[in-house]
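A.B. asks: fold the following, please.
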Amino acid sequence: MKDIENSNDIELLVNEFYRKVREDKVVGYIFNDVVKINWNKHLPLMYDFWDNAILFSGKYEGNPMNLHKHLHHIKYLDSTHFSRWVQLFLATVDELFEGPKAALAKKRANNISVIMQEKILLHQINPGIC
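C.D. replies: As a prediction, the model looks like this:
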């Protein structure tokens, strides 16, 4: 297997990951039924997000934290949702790639999950923390 090297690799990773997400019983319904994601708009944003996170391209500008906080008000998110998201992402990386950039992608996904949970779930328990 090769490492993540370019935008084509990012697109492959994102497409395969979100294919799994859409089919998943734990998180799929959030994307499909609750948010009703427009995949034609969402996937290019995710290409840019992960291209920036892994290849440092500077392509992504946005605030995913605010979007997920808003989502949390629509549909309660818990640690099970974040854990499953990470499991699917890590599995996808491991199926497709290996090397330093693949390891970075997995580290970033873990960090994103932890930060999201801290800012969203912990804030709900103690609003003065975040």
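
A.B. asks: which SSE is the closest residue in space to Val14 that isn't next to it in sequence in?
C.D. replies: Spatial nearest neighbour of Val14, excluding adjacent residues (C-beta to C-beta, 6 or more residues apart in numbering): Met46 at 4.8 Å. C-beta: built from backbone N, CA, C; applies to glycine. Here Met46 sits within helix 39-55, counting by DSSP states H and E.

A.B. asks: what lies in contact with that helix?
C.D. replies: 4, 6-7, 10-11, 13-15, 18, 57-60, 62, 64, 101, 104-105, 108 (C-beta atoms under 8 Å, 6 or more residues apart in numbering).

A.B. asks: now with 6 Å?
C.D. replies: Ile4, Ser7, Ile10, Glu11, Val14, Ser57, Lys59, Tyr60, Lys101, Leu104, Ala105, Arg108 (C-beta atoms under 6 Å, 6 or more residues apart in numbering).

A.B. asks: look up how far Glu98 lies from the first one.
C.D. replies: Distance from Ile4 to Glu98, counting by C-beta to C-beta, to the nearest Å: 9 Å.

A.B. asks: separation between Arg84 and Ile54?
C.D. replies: Distance from Arg84 to Ile54, counting by C-beta to C-beta: 21 Å.

A.B. asks: so these two - more neighbours on which side?
C.D. replies: The neighbour comparison of Arg84 against Ile54 (other C-beta atoms under 10 Å) goes to Ile54, with 22 against 17.
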